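Asker: sequence-free structure coming up:
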């Protein structure tokens with residue numbers, strides 16, 4: 001439920017932020033910078049929250065994250081409301097949007113590391129990839145519900161989905177508080193202090209050789225995804241000549257279908273076929289390359305939606321494989337730390353991607369998608385090389 005609510009909130013935001021930003025006079029680069037600033041904050045604090053989940057317990061950190069999500073998202077929507085009513089000057093409104101989103105991100109960042117580490121605590125090594133796949137499926141289920149319901153709620157007002165997202169996160173925090181047991185590997189102990197924490201946890205960084213390849217792949221992969229995701233609403237609005245509300249509805253529906261394709265790939269493939277994380281990545285990346293090429297060439301609604309379905313299938317396989325690979329590379333007592341580091345790769349990508357995407361889109365609308373193809377191609381070749389090396393090592 002926690003992961004579904006977070007997926008709902010994120011997918012709703014991407015469905016409405018671009019048309020909403022244009023309604024208050026923000027340009028593509030400014031809209032992208034709001035996402036970039038909050039993503040940078042998530043990148044910086046996710047490893048901290050991951051380590052805190054080792055010390056305080058997964059459940060406690062998850063509740064903090066959900067409450068922070070609810071309050072921060074509410075404040076963000078409140079600033080947008082004042083902006084729409086003309087109560088804020090353009091520069092003041094823009095800076096307040098950035099500030100409230102950064103504030104929201106600094107606490108919301110606790111959710112994914114604690115959730116991923118929780119799953120690592122309750123799964124064996126052999127079950128890890130499927131377990132992380134289930135985490136992704138739950139998040140994507142929220143991404144299915146978000147755009148679908150968000151498109152309907154946007155008919156009331158473009159801000160209604162944000163109000164609902166805050167209420168959902170608050171309700172979920174109460175469910176977690178009363179119904180979720182503490183994970184067996186991270187029960188908080190009042191008597192435990194920092195000197196009793198294994199030193200390996202404190203040394204784990206993004207450049208640790210055990211996880212560096214996965215960090216590199218994850219950061220590049222999510223940078224490309226963020227670049228595409230941030231500009232897709234503009235692409236829909238401009239190609240199909242839609243109004244702001246029509247864009248929120250149409251793009252929201254397409255996002256819901258893409259998320260449904262992600263859930264289908266995770267449940268129908270990842271939960272049924274036993275492959276290594278690198279194998280799943282080597283399958284997912286060419287699917288994503290094809291999807292981005294279709295988006296670059298798209299000139300109609302069916303092609304846009306079809307490309308997003310392909311994108312959903314690819315990310316449904318790629319994201320859990322990346323998380324599972326990082327988790328399997330380290331020791332059981334390092335799961336909170338590695339979950340924080342792995343969870344920070346996406347936000348780092350979403351720091352770079354939206355700014356670059358907004359800039360490229362202003363130069364030429366199809367440029368973001370060709371650029372992402374160019375990034376993913378060497379990434380795929382790198383994964384194939386790593387997969388062969390891994391296979392040869394296992395055979396030897």
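Answerer: Right, received. Where do you want to start? The structure presented is a predicted model; accordingly, all values stated were derived computationally and were not measured. Residues are numbered from 1 along each chain as shown.
Asker: state the distance from the residue lying closest to residue 88 once chain neighbours are set aside to residue 33.
Answerer: Distances taken as Cβ to Cβ, 6 or more residues apart in numbering place residue 82 nearest to residue 88, at 5.2 Å, with adjacent residues excluded. For every residue, glycine as well, the C-beta is placed using N, CA and C. According to Cβ to Cβ, to the nearest Å, residue 82 and residue 33 sit 19 Å apart.
Asker: how about the contacts made by residue 5?
Answerer: 66, 142, 165, 168-169, 171-172 (Cβ atoms under 8 Å, 6 or more residues apart in numbering).
Asker: could you do residue 301 as well?
Answerer: Contacts of residue 301 by Cβ under 8 Å, 6+ apart are 240, 250.
Asker: next one, pLDDT for it please.
Answerer: Per-residue confidence (pLDDT) for residue 301: 91.
Asker: one more: residue 369?
Answerer: 94.
Asker: of residue 82 and residue 33, which one has the most company?
Answerer: residue 33 (20 against 14; other Cβ atoms under 10 Å).
Asker: coming back round to it: right, and out of the contacts of residue 5, which lies closest to residue 391?
Answerer: residue 142 (35.4 Å; Cβ to Cβ).
Asker: so which strand or helix has the closest residue to that closest one other than its chain neighbours?
Answerer: Spatial nearest neighbour of residue 142, excluding adjacent residues (Cβ to Cβ, 6+ apart): residue 7 at 2.5 Å. Per DSSP states H and E: residue 7 is located in helix 2-23.
Asker: tell me the mean pLDDT over that helix?
Answerer: 80.
Asker: kindly report the same for stretch 247-255.
Answerer: 80.
Asker: repeat that for stretch 43-59.
Answerer: 90.
Asker: just stretch 315-332 next, same as before
Answerer: 87.
Asker: just the buried positions in it, please.
Answerer: 315-330 (16 or more other Cβ atoms under 10 Å).
Asker: again, but for stretch 38-49
Answerer: 38-47, 49.
Asker: check stretch 241-250 too.
Answerer: Quick answer for stretch 241-250 (16+ other Cβ under 10 Å): 242, 244-250.
Asker: how about residue 42, nearest residue that isn't a chain neighbour?
Answerer: residue 347 (3.5 Å).
Asker: same check, this time on residue 141
Answerer: Per Cβ to Cβ, 6+ apart, closest to residue 141 is residue 4, 5.2 Å.
Asker: relative to residue 58, how far out is that neighbour?
Answerer: Distance from residue 4 to residue 58, by Cβ to Cβ: 17 Å.
Asker: those two: who's more crowded?
Answerer: Remark: of residue 4 and residue 58, residue 58 carries more neighbours, 32 against 20, as counted by other Cβ under 10 Å.
Asker: go ahead and confirm the more buried one touches residue 183.
Answerer: Yes. Counting by Cβ atoms under 8 Å, residue 58 does reach residue 183; the two are 4.7 Å apart.
Asker: can you list residues touching both of the two?
Answerer: Common neighbours of residue 58 and residue 183 (Cβ under 8 Å, 6+ apart) are 117-118, 121.
Asker: of those residues - the most surrounded one?
Answerer: residue 117 (30 neighbours).
Asker: which helix or strand contains it?
Answerer: helix 111-121.
Asker: before we move on, what about residue 381?
Answerer: Per DSSP H and E: helix 367-395 holds residue 381.
Asker: buried ones in that helix?
Answerer: Going by 16+ other Cβ under 10 Å, helix 367-395 has these buried residues: 367-369, 371-373, 376, 379-380, 382-383, 386-387.
Asker: sorry, back to before: and the angle for the helix holding residue 117 with helix 2-23?
Answerer: 160 degrees (axes from the mean of the first three to the mean of the last three Cα atoms, to 10 degrees).
Asker: next structured bit after helix 111-121?
Answerer: With DSSP H and E, the next secondary element past helix 111-121 is helix 128-153.
Asker: just checking, what packs against that next one?
Answerer: helix 2-23, helix 111-121, helix 160-179, helix 244-265, helix 301-328 (3 or more Cβ pairs under 8 Å, 6 or more residues apart in numbering; DSSP states H and E).
Asker: one more time with 10 Å
Answerer: helix 2-23, helix 111-121, helix 160-179, helix 244-265, helix 277-297, helix 301-328, helix 335-363 (3 or more Cβ pairs under 10 Å, 6 or more residues apart in numbering; DSSP states H and E).
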